[in-house]
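Novice: Mind looking at a prediction? Sequence and model below.
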Amino acid sequence: MSEPAPVKLIPRNVAALRRGQNASGAVRLVPGNPVSTRLESGVGNCFPGLECDLRNLERRFFPFLEVDIEDTEIKVASVDMPGVQTAASNGQIPADTASIYRQIGAGLSEGRKWTITQMQGTFGLLGVQALNIADLRSPSAGADRLPPDAWTAVRLLTEGTQVQLTLRQGSTTRVLVGERARYLDDNGALAEMFLPGELTQSLCSPWTHDFRDCGCFYWASNHPDIALPLLPTPAPTTPEIDTYVPWERADRTLNALPAPATIDDPAELNYYEINAKWQSLNFVIEGRETVAPYQPGKFSAAKFASIAELQANLRYAAGVELAVIHEYLAAAYSLKTTGLAPAVKEDLVAARAELMRITYGEMRHVRAANDVLRALDSDAAFVPALRVASVVPGIPTGTFRPVAPRPATRETIQAFIDIESPSTSVDGLYSRILATLDDLGTEEMRQTIRSVMADGESHFETFSFIQEWLGKHNPVDYLRKLNLAAPPSGNALHRKLQQEYKALLLQLFHGYTLGIPSGASDINAARNAMLGNGGLNGAAEAVADAGFLVALDPITDDPVLAPVGNP
């Protein structure tokens, strides 16, 4: 838990914090910059425009060379001479190869142009070829075809395969042989050969024009379109302080609340003003504009006393994930799928799709908890955690409530918001797990739990959207029935659903027991059993179509799947 609520800028993968890296040199989490601002998460294309220009990845496709690529020409821009020297000293490249690099580097420093005229290597599906760069032309079709241009040729080179380059400067030619460079390191982060700013150096500045006219949420979250307004002093208690306003508004008054944002807001800065007065746009941190120094919140969670207590709570956390899956599925299948009025249809389709997406995310969390448990468990006979929790953390912190599958009423969606609320409920449980792993776990374990927590915050936001979408409509218009109830005892459709569910968990249990790679086939089979008319989805749809609530029963006849309580 925290006082105040912490900023949840948590990496979703180890690309944001390289495994084994010293903490002092790690990627810093900057207030105001969500993880989507990382290039690994950004929107990229192959032309100047958005978060990065993917063409720049090819500029370092060959060891120690930086190149500029045009349609029928590849020019050498620079040579990494310190890297060449280190590789030569370590015996990674022969002396004659290092000499060629030095000759090219010296020529460039004197203004002499070196170009790559020929390239031999494995070009993906086009196979092994020897290309004259000047011969590449569009269109490219048919058997044994050539790449249509130099950039595509470089893009097609298979990572890690041998590449031979012929370089020319005037009448002088030299040949270099090396491996096609990798874009990413072993942890999925951009390779260290890319310098800061290199992947964005060819971008234009579209936000000053295009961004102004694009609809809300078109751009990534590091380009705010709307934001919560500055808090005047003293801060008012009216709802307007939590109403979004246009970030690019022309009225830059500081002592009054701006008008709320609308779809067509004529009060924005014009194109010239955005270019000339960009410095007047306020910083946006935690969704709100600010002009004052930022004071980050403190993150402090009570650690568990022992590894045994940590493991017990990880098993309970996996059970909580399964329990909320029960509730989320019941809510999703309670929504109508046919006979929808046009005014309701789009909101309902979006709500159901997001409920199912969140449910799939909870299954990944079950896997994450089991992965950490396996890594912590010194016993070779690992027992997976697939017992559904009998109670889930509630609000206020320290309380618990029974698992209660129910239709997607307004009250139900609010309960889901409470479950996923940052720093409380389930997130509070994971906060304690993460704090304990600082002492008892590895960086990989901590990153796994951080990814679960980051997803939890995303689920919290999405449930808030669902609440807004459905809140505009009468429940009669979007629920199959207002008084949906579970099928009676002995109902054949419900019995079939339970059989499918238990079989799926047992297959998952077997796969988790074996681990990866041995259990991969069982895990994949369990995933596939969730989908399609012949799987869990089909059985659940049949129950819902019959007018009943999709309510999965606790499994009490098998100890490995029996309910688990709060430790």
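Specialist: Okay, I see it. Keep in mind that this is a model prediction, so the values were computed, not measured.
Novice: V163 in helix, strand or coil?
Specialist: The three-state label given to V163 by DSSP: H, G, I helix; E, B strand; the rest coil is strand.
Novice: who touches it in this structure?
Specialist: Residues counted as contacts of V163 (CB atoms under 8 Å, 6 or more residues apart in numbering) are F61, F62, M119, Q120, G121, L157, V177, G178, E179, R180. Bear in mind the C-beta positions are built from the backbone N, C-alpha and C, glycine included.
Novice: Among those residues, name the buried ones.
Specialist: Neighbour-count burial (16 or more other CB atoms under 10 Å) applied to the contacts of V163 gives F61, F62, M119, Q120, G121, L157, G178, R180.
Novice: Show me the shaky parts of the protein.
Specialist: Within the chain, the segments meeting pLDDT under 70 span 1-51, 186-189, 204-223, 263-266, 297-299, 379-380, 423.
Novice: which helix is the longest one in it?
Specialist: Determined from DSSP state H, the single longest helix within the chain is helix 342-376.
Novice: moving C-terminal of it, what's the next helix or strand?
Specialist: Using DSSP states H and E, the helix or strand that directly follows helix 342-376 along the chain is strand 391-393.
Novice: Which residues are in contact with the residue sitting furthest away from the middle of the chain?
Specialist: The C-alpha centroid of the chain is most remote from S171, which lies 50.8 Å away (CA atoms, centre = their mean). Applying CB under 8 Å, 6+ apart to S171 gives no contacts.
Novice: Could I get the full set of helices for this structure?
Specialist: Using DSSP H, helices in the chain cover 81-89, 95-109, 150-156, 210-213, 271-276, 307-333, 342-376, 410-420, 425-440, 443-471, 475-478, 492-514, 520-529, 536-545.
Novice: Next, format those as TSV and append mean neighbour count and distance to P296.
Specialist: Listed next are those as TSV, based on neighbours: other CB atoms under 10 Å; distance: least, CB to CB, whole Å:
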stretch	mean neighbour count	distance to P296
helix 81-89	15	37
helix 95-109	16	45
helix 150-156	20	41
helix 210-213	14	28
helix 271-276	13	30
helix 307-333	23	26
helix 342-376	18	26
helix 410-420	18	22
helix 425-440	20	16
helix 443-471	19	16
helix 475-478	16	41
helix 492-514	18	38
helix 520-529	16	39
helix 536-545	18	43
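Novice: can you tell me how far the closest residue in space to E58 that isn't next to it in sequence sits from K75?
Specialist: Sequence neighbours aside, V154 is the residue nearest to E58 in space, at 4.5 Å (criterion: CB to CB, 6 or more residues apart in numbering). Using CB to CB, to the nearest Å, V154 is found at 13 Å from K75.
Novice: now do A520
Specialist: Separation of A520 from K75 (CB to CB) stands at 46 Å.
Novice: cool, P296 as well?
Specialist: P296 is 46 Å from K75, where distance means CB to CB.
Novice: now swap in D427 and tell me
Specialist: Distance of D427 to K75, given as CB to CB: 52 Å.
Novice: go on, L335?
Specialist: Applying CB to CB, the value for L335 to K75 is 58 Å.
Novice: Which of those two has more residues huddled nearby?
Specialist: For L335 versus K75, the count of surrounding residues by other CB atoms under 10 Å is larger for L335: 19 against 13.
Novice: Name the nearest residue to that one, ignoring sequence neighbours.
Specialist: R352 (4.9 Å).
Novice: any idea how far stretch 468-479 is from the chain center?
Specialist: Relative to its chain's centre, stretch 468-479 lies at 30 Å (CA atoms, centre = their mean, to the nearest Å).
Novice: Same check on stretch 467-479?
Specialist: Using CA atoms, centre = their mean, the offset of stretch 467-479 from its chain centre is 29 Å.
Novice: Endpoints of it, how far apart?
Specialist: Using CA to CA, to the nearest Å, the end-to-end distance of stretch 467-479 comes out at 14 Å.
Novice: List the contacts of that stretch.
Specialist: By CB under 8 Å, 6+ apart, the residues outside stretch 467-479 that reach it are 334-336, 340-341, 343-344, 347-348, 350-351, 407-410, 413-414, 417, 482.
Novice: at 6 Å instead, please
Specialist: Stretch 467-479 is contacted by residues S334, L335, K336, V344, D347, L348, A351, P407, T409, I413 when judged by CB atoms under 6 Å, 6 or more residues apart in numbering.
Novice: E248: which of the residues you listed is nearest?
Specialist: D347 (28.0 Å; CB to CB).
Novice: do you know how far that closest one is from Q85?
Specialist: From D347 to Q85 the distance is 63 Å (CB to CB).
Novice: cool, and S489?
Specialist: With CB to CB as the criterion, S489 and Q85 are 79 Å apart.
Novice: Could you do V128 as well?
Specialist: Counting by CB to CB - V128 and Q85 are separated by 32 Å.
Novice: Same list (the contacts of stretch 467-479) but as TSV, adding distance to D225.
Specialist: Shown next, in TSV, are the contacts of stretch 467-479 (distance: CB to CB, whole Å):
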residue	distance to D225
S334	34
L335	30
K336	32
V344	27
D347	21
L348	26
A351	23
P407	34
T409	32
I413	26
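Novice: For E309, state which of the residues you listed is nearest.
Specialist: I413 (33.3 Å).
Novice: show me the contacts for that closest one.
Specialist: Residues near I413 by CB under 6 Å, 6+ apart: I466, Q467.
Novice: Now with 8 Å, please.
Specialist: I413 neighbours (CB under 8 Å, 6+ apart): A331, F463, I466, Q467, L470.
Novice: The nearest residue to the first one once chain neighbours are set aside: how many residues sit nearby?
Specialist: In space, and not counting its chain neighbours, A331 is closest to A408: 3.9 Å by CB to CB, 6+ apart. A408 is flanked by 27 other residues according to other CB under 10 Å.
Novice: who's in contact with the closest residue to T243 other than its chain neighbours?
Specialist: Nearest residue to T243, sequence neighbours excluded (CB to CB, 6+ apart): P260, at 4.8 Å. P260 makes contacts with E240, T243, Y244, V245, as judged by CB under 8 Å, 6+ apart.
Novice: so which of the residues you listed comes closest to G287?
Specialist: For the contacts of P260, the minimum distance to G287 (CB to CB) is 8.6 Å, reached by Y244.
Novice: Would you agree the closest one is in contact with A227?
Specialist: Yes. In this structure, Y244 is within contact of A227 by CB atoms under 8 Å, at 6.6 Å.
Novice: Between these two, tell me which one has more neighbours.
Specialist: Just comparing Y244 and A227: by other CB under 10 Å the higher neighbour count belongs to A227, 23 against 17.
Novice: May I ask you to confirm that that one is in contact with D242?
Specialist: No. Using CB under 8 Å, A227 makes no contact with D242, being 11.5 Å away.
Novice: Now do the longest helix of the chain against helix 443-471, angle only.
Specialist: Orientation of helix 342-376 against helix 443-471 (axes from the mean of the first three to the mean of the last three CA atoms, to 10 degrees) gives an angle of 160 degrees.
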